[in-house]
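Participant: got a sequence here, can you model it:
(chains A, B and C)
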Amino acid sequence: MNAFFATVRRDLLLALRRKSEVLTAVFFFVIVTSLFPLGIGPEPVLLKKIAPGILWVAALLATLLGLPRLFAADHVDGTLEQMALSPSSLGLLVAGKILAHWLLCGLPLVLLAPVLGLQFDLDASALGVLTLALLLGTPLLSLIGAIGAALTLGVRGGGVLLALLVLPLYIPALIFGAGAVEAHIAGLGAGGHLSLLAAMLALAVFFAPWATTAALRIALE
Amino acid sequence: MRQSIIQWFRFGSPQAFYPLAGRLIPWFWAATAAFGLAGLWISFFVAPTDAQQGEGYRIIFVHVPASWMSMFIYLVMAFWAGLGLALNTRLSGMMAQSLAPTGALMAALSLWTGALWGKPMWGAWWVWDARLTSELILFFLYLGFMALQAAIDDPRRADKAGAILALVGVVNIPIIYFSVKWWNTLHQGSTINLTKAPSMAHTMLWGMLLMALCFWMYSIAVALTRVRAIILERERHTDWVKHAVA
Amino acid sequence: MQWHSAGEFFAMGGYAFYVWGSFGACALLMLAEPFLAGRRLSEVRQSLIRERLADELELQQKNS
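Facilitator: This next block holds a predicted model:
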């Protein structure tokens, strides 16, 4: 367990020394969310309707931006190999890195979303559901994304290839995450959607670190 | 009994499989032609005109087989990829690699024929029907698999990375299908269900089954051809390859 | 058999474009794919034969 927390701490420290990388993803989220009304038109009724979808897609893309960084720096300077050779289980260390990634890339999105949701005139309860949905969804995105990041480690065309691999796998999270807010707004209650999101998160917490570890070992061979 | 099982395992080596595949391919082409002719005969000359959809419904005789094959091939591909990962065999990875383009082709045909079926029936080239949308995502999964393998130079690493991706994909396909279906039914007001195919007359079912068998035999024939090419490409440094192409 | 003429058959009750567009696309791709796979196989074979000839030539030159 020590190794897990040590990894989290290490990644957080390293990222905070280069704050720009983390902030870029956050700014990207803000900018992309603002692009949609500019492209579609300022009509409030329409914007209110599409807000959950837009915020979720922007969150997906912002997470995607931060994924290559998950393993690349450590791979380049040989730390990843040391982690693979260490007595601690690689899966635990990988889980630590994923948690750090979420704290740096996912949590800011969760905290920002209600503010951005105001731009789209979502009411308080809808914003609450949105925040909860993103709270469940962004870790899921980090977990699934880690698999893609490990598979494309050091591979040509990395970033775009990563997006091609990972975006189809993000679709269920998008459907249930945005759907939760839409269902709430329609008066149908977000419980079902949020439960499914939570179930997917539980599944991913168990399987994603394992798949990521396998992919890393292949990349390190 | 034990002896014959061991004999079957012999074909797990590329060297033994190459000539076997060569001998099998003509038989699969023959089966493709046989099922194809029978299926097309039923599709056009036996199956009656549909009351609601006229002659346009006949597209199901290629749309449904293409869809079935696109899903089936993904499962088979994931199976071989997974086997290669578990047993560290080269041939399994080669088999998965050779199946991917055919599976992607089937997915593309399913989307194309689905659009051509949707336009006259429902007035739009594309409808966000649960099955078509899932099929589109499946197509992306195929493309991702092929892109990943193409981007990795070392064939063994490409095999293993592809295997993990295929296995993650296989686990996700039911989740994706279920979520898309949920999404589709929730937004049901404006969306149309392409799955409302005409109620199956016996002949229609037979037509679909025969065409599905035709597509299946075709897929095997093409995949075996492609795997022979892959075997030669990847094993070109070995002695047996040098002698095989006398 | 419900087609009373070849013309009727090709017209497909007005759905000609869609039906033949579908079957045609299938036929096209399912002919193109085996052709391309077969071509890949023969290209590999050709290049292996060329390699062997080049090796033999090298050997001859070394021995002579």
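
Participant: stretch C:26-36 near chain B anywhere?
Facilitator: Yes - applying CB under 8 Å from any CB of the partner chain, one finds that stretch C:26-36 is in contact with chain B at C:Cys26, C:Leu29, C:Met30, C:Glu33, C:Pro34. (Glycine included, C-beta is placed from N, CA and C.)

Participant: anything in the strand or helix carrying A:Leu140 near chain B?
Facilitator: A:Leu140 is part of helix A:124-151, with elements assigned from DSSP states H and E. Yes - using CB under 8 Å from any CB, helix A:124-151 reaches chain B at A:Ile147, A:Leu151.

Participant: so which helix or strand takes in whichever residue of chain A sits closest to chain B?
Facilitator: Nearest residue of chain A to chain B: A:Pro172, at 3.9 Å (CB to the nearest CB). Element membership for A:Pro172, per DSSP H and E: helix A:158-185.

Participant: ok, then the element right after that helix?
Facilitator: Heading C-terminal from helix A:158-185 (DSSP H and E), you reach helix A:191-220.

Participant: who does that following helix touch, helix- and strand-wise?
Facilitator: On a contact count with 3 or more CB pairs under 8 Å, 6 or more residues apart in numbering or on different chains; DSSP states H and E, helix A:191-220 meets helix A:69-76, helix A:79-85, helix A:90-101, helix A:124-151, helix A:158-185, helix B:155-186.

Participant: quick check: which of those helices is nearest to A:Leu60?
Facilitator: For the helices and strands packed on helix A:191-220, the distance to A:Leu60 is smallest for helix A:158-185, at 5.4 Å, taking CB to CB.

Participant: show me the helices in chain B, by range?
Facilitator: B:2-9, B:14-41, B:60-87, B:90-122, B:130-151, B:155-186, B:202-234, B:239-244 (DSSP state H).

Participant: and A:Leu112, how many neighbours does it have?
Facilitator: Around A:Leu112 sit 20 other residues, with neighbours defined as other CB atoms under 10 Å in any protein chain shown.

Participant: convert whichever strand or helix holds it to CSV, retaining C-alpha atoms only.
Facilitator: Assigned by DSSP H and E, A:Leu112 falls within helix A:107-119. Provided in CSV are the C-alpha atoms of helix A:107-119 (Å, rounded to 0.1, in the frame of the first residue of the first chain):
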residue,chain,number,x,y,z
LEU,A,107,-10.9,16.2,-10.6
PRO,A,108,-10.4,19.8,-12.0
LEU,A,109,-13.0,19.0,-14.6
VAL,A,110,-15.4,17.8,-12.0
LEU,A,111,-14.9,21.0,-10.0
LEU,A,112,-15.1,23.3,-13.1
ALA,A,113,-18.1,21.7,-14.7
PRO,A,114,-20.8,23.3,-12.5
VAL,A,115,-19.3,26.7,-13.3
LEU,A,116,-19.3,26.0,-17.0
GLY,A,117,-22.8,24.5,-16.7
LEU,A,118,-24.0,27.9,-15.6
GLN,A,119,-22.9,29.2,-19.0
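
Participant: report the buried residues of it.
Facilitator: By 16 or more other CB atoms under 10 Å in any protein chain shown, the buried positions in helix A:107-119 come out as A:Pro108, A:Leu109, A:Val110, A:Leu112, A:Ala113, A:Pro114, A:Leu116, A:Gly117, A:Gln119.

Participant: pLDDT check: weakest of these?
Facilitator: The pLDDT minimum for those sits at A:Gln119, where the score is 88.

Participant: which residues sit in contact with the residue of chain B found nearest chain A?
Facilitator: Across chain B, the shortest distance to chain A (CB to the nearest CB) belongs to B:Ser179, at 3.9 Å. Counting by CB atoms under 8 Å, 6 or more residues apart in numbering or on different chains, B:Ser179 touches A:Ile171, A:Pro172, A:Ile175, A:Phe176, A:Leu196.

Participant: columns neighbour count on top of those, output as a markdown table?
Facilitator: Formatted as a markdown table, the contacts of B:Ser179 follow (neighbours: other CB atoms under 10 Å in any protein chain shown):
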| residue | neighbour count |
| --- | --- |
| A:Ile171 | 21 |
| A:Pro172 | 24 |
| A:Ile175 | 25 |
| A:Phe176 | 28 |
| A:Leu196 | 22 |
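
Participant: all set, thanks.
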